[in-house]
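Peer 1: Structural data only, the sequence is not supplied:
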């Protein structure tokens, strides 16, 4: 902006440290467009929203970026109350014309909190004339308010029309994922650390504003500090033998002497900083040289920096030729992140950007089929045979440990190798999907995150119930779902319950989940239990004879994990006692009664039948003759 600029924005509030979420995405895009081309788009830009949601941050970011991109642009930032005070002072001093002329020369006018227009009729008239003149001259105006123009009471209709004539964008409270991104960014900036889960718990609360969220983080930091060693830094002593006024005068004189002694090398570095900032590059290397007490190798430093910028430009061109979404990535604007930029390009060229695939340890041939899961297996095989055309999406639901994850990975592994060319199958647990989105929001790489999944040939999500209650995640999943299905690609998911019973799941997602095929996987039946016990006993190197399997198969276990647990328990008991794993050991270890036969066992069997873990329809009673049965019944 040069020497004529009067920007008073907070330079700490920039676009590169602004977390973008669903609640401010439109406002941020409009603000960046205005900063890049002031007066050419969205004039005026009117941003409104509740207090503490980042409106002032956006104004400061516009001013900061405009300073970097347009060094000659005259920018003015002030609150509406400041504007009113200046107007009143100019009017009382008879300098109204000079006041108006001053603002007419401003290239970018940023006014905060214009809701205070209420009741200032004279100021409204002056503001209306000023806006008309600035807009005719192609000068940019950006305003913020806690409400849209039409809802500001007691405002001239002509001014309301003028304020509404460009673009009105709102900012709303951040959703869970954006709150998490804000908290993580704050912790990284302040070098804070908390135990796992603490930030997630905090982000789960619906804070009305970013300020409330930051205040809560500050309170958390204060509580964490309780118990730490306390102490206050000693106050700096006043200079001995001098009054405060004399000391300030002394500092002023020193400052003047230093200012006169500024050497030409510092001027050259300062000019380089302004130039490269204007080009959009980070200049911390040059800025650190400015703080040196002695003159560095200025020519060498500037030549090296220019070469680094050229290399970054070439890297960005290479990256965008592979993936246009990589253009504009922050790593291509910072010479100190050269290694990251080179790594990003290498991964893009090598095609290493797709998401993770299914676990190769889960294969279709190893999945045991029974009446409790045969419908799900049939659906899985149909999807493998015709991905994207039959049962899309395919949703499996059931309790934990019944094989949902195994079948899900088996589908993915089979699809990966189906066809002439290998397919990209994206496999992700729903919680990881949420965490990836939060990281993408925090790093400003949401679009690249989306592309990774949209480019996959199939999308597989495990435990999709974990997206419930995550507003931004559900929005992104909705968009991704539509994109995948529209492209004729397959989606397979698992849940611990049917979609209709998942709480806090948006209706638009629920209807899409139910639009394909929803199949239950139940606890294993007796036949499947017997085969699973045989499989895991054999894998453990244990005996798996028919007598043992007959005993174990009667156990009403509810999941494959329980079966594995029983096998492990028997193996441990065998190793501890030296007794081989057989039916007798199984009965003893699992607390089962010894088998019985004949009429003499009836009484004891009846008394102990409640402790037997047998299915009722499988019990066989052997009686010597019918008369004995009748006698027994009549007792």
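Peer 2: Structure received. Keep in mind that what you see is a predicted model, and the values were worked out from it rather than measured.
Peer 1: Okay, buried residues for stretch 312-331 please.
Peer 2: By neighbour count with 16 or more other CB atoms under 10 Å, stretch 312-331 contains the buried residues 312, 315-316, 318-320, 323, 325-326, 329, 331. Where you see a C-beta, it was placed from the backbone N, CA and C, and this is true even at glycine.
Peer 1: So which of the residues you listed is the closest to residue 504?
Peer 2: Nearest to residue 504 among those is residue 325, at 30.9 Å by CB to CB.
Peer 1: Can you check the pLDDT for that closest one?
Peer 2: In this model, residue 325 is scored at 68, pLDDT.
Peer 1: before we move on, back to that, out of the buried residues of stretch 312-331, which one has the weakest pLDDT?
Peer 2: residue 325 (68).
Peer 1: Residue 559 - how many residues pack around it?
Peer 2: Using other CB atoms under 10 Å, residue 559 has 17 neighbouring residues.
Peer 1: Now it. Nearest residue, chain neighbours left out?
Peer 2: Excluding the flanking residues, the one nearest residue 559 by CB to CB, 6 or more residues apart in numbering is residue 401, at 2.9 Å.
Peer 1: now do residue 434
Peer 2: Closest to residue 434 by CB to CB, 6+ apart is residue 473, at 5.0 Å.
Peer 1: Just the buried positions in the helix or strand containing the one you found, please.
Peer 2: Taking DSSP states H and E as the criterion, residue 473 maps to helix 471-486. Using 16+ other CB under 10 Å as the burial criterion, the residues of helix 471-486 that qualify are 471-477, 480-481, 484-485.
Peer 1: can you check stretch 369-378 too?
Peer 2: Counting neighbours by 16+ other CB under 10 Å, stretch 369-378 gives 369-370, 372-373, 376-377 as buried.
Peer 1: Between the two ends of it, how far is it?
Peer 2: 10 Å (CA to CA, to the nearest Å).
Peer 1: residues in contact with that stretch?
Peer 2: 367, 396, 402-403, 407, 519-525, 527-528, 531 (CB atoms under 8 Å, 6 or more residues apart in numbering).
Peer 1: Also stretch 446-457?
Peer 2: 20, 323, 325-326, 329, 353-355, 387, 415, 423-426, 436-437, 440, 459, 476, 479-480, 483-484, 487, 489-490.
Peer 1: Pull up the distance across stretch 548-562, start to finish.
Peer 2: Per CA to CA, the first residue of stretch 548-562 is 17 Å away from its last.
Peer 1: related to what we said a few turns ago, mind picking the two most distant members of the buried residues of stretch 312-331?
Peer 2: Among the buried residues of stretch 312-331, 312 and 325 lie farthest apart (CB to CB), at 17.4 Å.
Peer 1: And the strands in the stretch 51-200 of the chain, which stretches?
Peer 2: With DSSP state E, counting those that start in this stretch as the criterion, the stretch 51-200 of the chain has strands at 75-79, 108-112, 140-145, 167-170.
Peer 1: Determine the set of other helices and strands touching the last one.
Peer 2: Right, the one you point to is strand 167-170. helix 25-36, strand 45-48 (3 or more CB pairs under 8 Å, 6 or more residues apart in numbering; DSSP states H and E).
Peer 1: Can you lay out those as TSV showing mean neighbour count and distance to residue 340?
Peer 2: Converted to TSV, these look like this (neighbours: other CB atoms under 10 Å; distance: least, CB to CB, whole Å):
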stretch	mean neighbour count	distance to residue 340
helix 25-36	20	23
strand 45-48	25	33
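Peer 1: can you tell which of these is closest to residue 108?
Peer 2: It's helix 25-36; of these, that one is closest to residue 108 (CB to CB) at 8.1 Å.
Peer 1: now the strands for the stretch 351-500 of the chain?
Peer 2: 394-397, 425-429, 458-462, 490-495.
Peer 1: Just to check, residue 442 is in contact with residue 19?
Peer 2: Yes - Residue 442 is within contact range of residue 19, at 6.5 Å (criterion: CB atoms under 8 Å).
Peer 1: joint contacts of these two?
Peer 2: 181, 185.
Peer 1: And the two? Which one has more around it.
Peer 2: The residue with more neighbours, out of residue 442 and residue 19, is residue 19; 24 against 20, by other CB under 10 Å.
Peer 1: Can you lay out the buried residues of stretch 312-331 as a markdown table showing secondary structure and distance to residue 149?
Peer 2: Formatted as a markdown table, those follow (DSSP: H, G, I helix; E, B strand; the rest coil; distance: CB to CB, whole Å):
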| residue | secondary structure | distance to residue 149 |
| --- | --- | --- |
| 312 | helix | 42 |
| 315 | helix | 45 |
| 316 | helix | 40 |
| 318 | helix | 46 |
| 319 | helix | 42 |
| 320 | helix | 39 |
| 323 | coil | 41 |
| 325 | helix | 35 |
| 326 | helix | 39 |
| 329 | coil | 36 |
| 331 | helix | 40 |
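Peer 1: What ranges in the stretch 451-600 of the chain fall below the confidence cut-off?
Peer 2: Counting by pLDDT under 70, the ranges of the stretch 451-600 of the chain that qualify are 593-600.
Peer 1: any chance you could map the helices in it?
Peer 2: 471-486, 507-513, 526-539, 546-553, 560-577, 583-590 (DSSP state H, counting those that start in this stretch).
Peer 1: Flag every buried residue along the second one.
Peer 2: When neighbours are counted by 16+ other CB under 10 Å, the buried residues of helix 507-513 are found to be 509, 512-513.
Peer 1: again, but for the fourth one
Peer 2: Across helix 546-553, burial judged by 16+ other CB under 10 Å covers 548-549, 551-553.
Peer 1: Pull the most distant pair out of these.
Peer 2: 548 and 553, at 9.4 Å, using CB to CB across those.
Peer 1: The closest residue to residue 327 other than its chain neighbours and residue 331: what is the separation?
Peer 2: Distance criterion CB to CB, 6+ apart; nearest residue to residue 327, sequence neighbours excluded, is residue 320 at 4.2 Å. Applying CB to CB, to the nearest Å, the value for residue 320 to residue 331 is 13 Å.
Peer 1: Verify the stated contact: residue 13 with residue 57.
Peer 2: Yes - counting by CB under 8 Å, residue 13 touches residue 57, with 4.4 Å between them.
Peer 1: Which of those two has more residues huddled nearby?
Peer 2: Taking other CB under 10 Å, residue 13 and residue 57 do not tie; residue 57 has more neighbours (23 against 18).
Peer 1: thinking that one is in contact with residue 20, fair?
Peer 2: No - with contact taken as CB under 8 Å, residue 57 and residue 20 are classed as non-touching, separated by 11.2 Å.
Peer 1: residues near residue 191, how many?
Peer 2: Neighbours around residue 191, by other CB under 10 Å: 6.
Peer 1: Next up, phi/psi of it, please.
Peer 2: phi 60, psi 50 (degrees, to the nearest 10).
Peer 1: Contact partners for it?
Peer 2: Per CB under 8 Å, 6+ apart, neighbours of residue 191: none.
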